[in-house]
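Participant: how does the following fold in three dimensions:
(one chain, ligands or ions: 2)
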Amino acid sequence: DALSNKIAAGEVVERPASIVKELVENAIDANSSQILVEIEEGGLSSIRIVDNGTGIEPNELELAFSRHATSKIKTDRDLFTIRTLGFRGEALPSIASVSRVNMQTSTGSAGMQVELEGGKIVHKQPSEARKGTTIVVTDLFYNTPARLKYLKTVLTEAGHVSEVMNRMALAYPHIRFHYVSDGKTVLKTAGNGDLRQVIAQVYGRKTAEKMVPITGSSLDYELSGYIAKPELTRANRQYMSIFINGRYIRNFKLAKAIQQGFHTKLPIGRFPIAVLKLEMDPTLIDVNVHPAKLEVRLSKEEALSEMIAESIKKALSEETL
Ligand code: ADP
Ligand code: MG
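Facilitator: Numbering: from 1, shown residues only. Ligands and ions are numbered 1, 2, ... in the order given. A predicted model of the protein is given here:
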């Protein structure tokens with residue numbers, strides 16, 4: 001119902017950046033190869049996302065906006081083998097409950113368009129049949145003044161959206177992202193799968209040139225990515241990005257493991273720049289801890305930490321040979 005959607009919204013859609021994250025995740029889950037994200041005023045006045053993914057069947061569009069309706073999980077067992085970024089079926093109803101939403105979608109044949117206000121469909125009509133989905137979210141938090149008050153300046157919110165877009169681009173070098181804020185292109189990736197090239201776009205060419213490829217594996221984990229040579233350190237932890245099965249995550253132990261890999265080469269109070277991708281059997285990771293899916297629980301964390309630290313040491317020592 002309307003109230004539980006609003007309560008869930010408090011957890012899932014904290015600010016414009018969390019909405020962008022959820023909607024881009026949906027576009028990725030729909031196998032898009034191109035994703036356009038346009039925001040106005042930090043996303044507070046408008047967020048527009050255009051993808052070229054599978055689209056939604058016209059007769060399933062209404063269902064997509066109802067609570068706990070997900071096309072991604074069919075059985076209890078699926079919950080433990082999550083491959084998609086979404087699975088709770090909460091994002092669309094939550095977003096719709098605190099904003100005005102217009103969604104146009106097509107699977108390639110007939111298209112459909114719906115308009116929602118306060119989570120309710122107020123208009124529905126057939127639309128063009130371009131395969132993919134366009135969603136426009138406007139007047140964010142117009143019916144939840146308390147949330148609106150808590151938000152910071154346009155600049156701060158736009159910064160959070162940029163962070164989300166950077167992570168998405170780093171996580172998916174095969175997807176062509178175009179991110180526009182107030183009419184200006186902030187990020188545009190080639191979608192050619194070249195991670196170093198995305199790093200250059202996100203952190204600058206000079207930094208990317210000082211990155212060293214890293215690989216590692218153990219029975220359960222596959223590691224790849226780039227780390228910056230020790231002379232390139234930063235004053236905060238934000239530059240250590242870890243992606244597990246395509247999902248940006250935060251994990252204290254794994255961040256520690258990265259630092260251990262740098263051993264004595266890190267000055268006190270300085271942190272590495274790292275972009276690490278981990279692939280593992282989904283049963284080893286529990287992403288169902290928090291609605292935002294940022295914190296995860298990992299099995300065999302010790303072994304994984306060790307593997308990460310060792311792989312970094314190895315990559316750095318090969319570099320100095
Ligand atoms: P979840 O992603 O957890 O399944 P959402 O509320 O985010 O839940 O989305 C509900 C459903 O709507 C999805 O399961 C999917 O079937 C459909 N959907 C949402 N966005 C898109 C999109 N961009 N392209 C195709 N299908 C989508
Ligand atoms: Mg989703």
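Participant: domain map for this structure?
Facilitator: Per automatic domain parsing, the domain ranges recorded for the chain read 2-188, 203-320.
Participant: quick one: the first one to chain centroid distance?
Facilitator: Distance, stretch centre to chain centre, for domain 2-188: 11 Å (C-alpha atoms, centre = their mean, to the nearest Å).
Participant: closest one to ligand 1 among the domains of the chain?
Facilitator: When these are compared by C-beta to the nearest ligand atom, domain 2-188 sits nearest ligand 1, at 2.2 Å. Any C-beta I mention is one placed from the backbone N, CA and C, and that applies to glycine too.
Participant: distance between stretch 314-321 and the chain's centre?
Facilitator: For stretch 314-321, the distance from its own C-alpha centre to the chain's C-alpha centre is 31 Å (C-alpha atoms, centre = their mean).
Participant: and His68, helix, strand or coil?
Facilitator: Three-state call for His68 (DSSP: H, G, I helix; E, B strand; the rest coil): coil.
Participant: how about residues contacting the helix or strand harbouring Val164?
Facilitator: Element membership for Val164 (DSSP states H and E) is helix 154-171. Contacts to helix 154-171, defined as C-beta atoms under 8 Å, 6 or more residues apart in numbering, come from residues 15-17, 20-21, 24, 28, 35, 37, 39, 41-44, 151, 175, 177, 179, 181-182, 186-187, 189, 195, 198-199, 201-202, 241, 243, 246-248, 275, 277.
Participant: so which of these belong to strands?
Facilitator: Within the contacts of helix 154-171, residues falling in strands by DSSP state E are 35, 37, 39, 177, 179, 181, 186-187, 241, 243, 247-248, 275, 277.
Participant: buried subset of these as a PyMOL selection?
Facilitator: Buried residues among the ones in strands among the contacts of helix 154-171 (16 or more other C-beta atoms under 10 Å), as a PyMOL selection:
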select buried, resi 35+37+39+177+179+181+186+187+241+243+247+248+275+277
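Participant: list just the nearest of the ones in strands among the contacts of helix 154-171 to Asp139.
Facilitator: Closest approach to Asp139 among the ones in strands among the contacts of helix 154-171 (C-beta to C-beta): Ile39, at 13.6 Å.
Participant: residue numbers of the stretch 101-250 of the chain in contact with ligand 1?
Facilitator: Residues of the stretch 101-250 of the chain lying close to ligand 1 (C-beta under 6 Å from any ligand atom) are Thr133.
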